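Colleague: compute the structure for the input listed below.
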Amino acid sequence: MASIKDIAQLANVSQGTASIVLNGKGDQYRISALTQQKIYEVARQLNYRPNISARRLRSGGETVLPIIALFWALDTRTVLISRFLHGLQKELASIESEYELLIQPYVGTKLKEMRSLITGTRFNGAIIAIPTEEDEEFLEQAQLNVPIVLYQRSSAKYASVYVDSYGTGKDVAAMFAARGHRKVGALVPNVSSKAIRLRKEGFLAKAAELGLHVEPEHILFSDFSERGGYEAIQRMVETDGQLPSALFVISDQMAVGALSALHTYGKRVPQDIEMIGYDDDEVTRFTIPSLSTVHLPVEEMAGECVRMLTDLMHHKTTGPSSKIFDAHIVVRQSCGAN
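Modeller: Have a look, this model is predicted:
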């Protein structure tokens, strides 16, 4: 296994300089960007893996356990992290080995600025959850030094756990068609997300295939929040007063706001308009009326992320692998269920 000494010799720098850079402190010590880049490139060439456990022992740590980092974007989707952590904790409790969990919040589109991910000196493996499309581009170009598993994204480069977002959108359109709807629409979160884009594209493609009519003004983008859903319905009503007979809201947060706006404008659900949300059925089962939603098996997917990552960390598997989970529609009162 390559050492810092090996890297320093090949990069033609001192061991101290190599150590500083590989510990993510190059900027702090004013080491030039060119030198830092050279050291990282040599580390990748030599397949360098930092001995995190040894470093913690030297720093006086009482216990030495492998560290799993969870990178989660700091945006409105943060509300989903509780379900993910529940599934992650359940899986960690079921395996013999012990691990520590390190939560690494980051700003969406700025994953590339997370130095700990580049250096790989703070943890032994990482789960990166729901990165934006800009973050995905960075990951595809980056050469990272630790095993990575992507949650809710597919990749040919990294291990990944996700659902068929395009197929989910198609399923919603097919259900609307089966229930006799001919005029449909969608509320879409205005965040950079390949999964959200695929849900919308699948929905529109299947709607067109089945002869469902979608007015341009009935595809609205809004904030990924309850307020965003409310304001989208407000715009839809106040533009021409017309509503589709069925609406796919690609976020349960937005769907809760949409239900409130429809009530404000005297529109009855499901009599005047039916609605299907996405992703948070534990909350939407208690709305009035209860909201039909696409159930995403977050807890099970989190457990699979842990299994994949620990296998990579212990070299039981190599190279990218993937697991696709099924998402299904939970039908409640907003689609006519009793």
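Colleague: quick one: the nearest residue to residue 158 once chain neighbours are set aside and residue 304, what's the gap?
Modeller: Nearest residue to residue 158, sequence neighbours excluded (CB to CB, 6 or more residues apart in numbering): residue 148, at 4.7 Å. Glycine gets a C-beta too; all of them are placed from N, C-alpha and C. Separation of residue 148 from residue 304 (CB to CB, to the nearest Å): 14 Å.
Colleague: rewinding a little: do I have it right that the residue nearest to residue 158 meets residue 129?
Modeller: No. Using CB atoms under 8 Å, residue 148 makes no contact with residue 129, being 11.5 Å away.
Colleague: which stretches in the stretch 101-250 of the chain count as strands?
Modeller: With DSSP state E, counting those that start in this stretch as the criterion, the stretch 101-250 of the chain has strands at 125-129, 148-151, 159-163, 184-189, 219-222, 246-249.
Colleague: pull the distance from the third one to the chain's centre.
Modeller: Centre-to-centre, strand 159-163 and its host chain are 10 Å apart (CA atoms, centre = their mean, to the nearest Å).
Colleague: who does that strand pair up with?
Modeller: strand 148-151 (parallel), strand 322-325 (parallel) (DSSP bridges).
Colleague: re the thing from before, so what sits against both of residue 148 and residue 129?
Modeller: Residues touching both residue 148 and residue 129 (CB atoms under 8 Å, 6 or more residues apart in numbering): there are none.
Colleague: what is the burial count for the closest residue to residue 156 other than its chain neighbours?
Modeller: Leaving aside its chain neighbours, residue 156 sits nearest to residue 320 (6.2 Å; criterion: CB to CB, 6+ apart). Residues within reach of residue 320, counting by other CB atoms under 10 Å, total 17.
Colleague: does residue 320 count as helix, strand or coil?
Modeller: coil (DSSP: H, G, I helix; E, B strand; the rest coil).
Colleague: any idea of the pLDDT on it?
Modeller: We have a pLDDT of 85 for residue 320.
Colleague: my guess is it meets residue 159, correct?
Modeller: Yes. Counting by CB under 8 Å, residue 159 is a contact partner of residue 320 at 5.4 Å.
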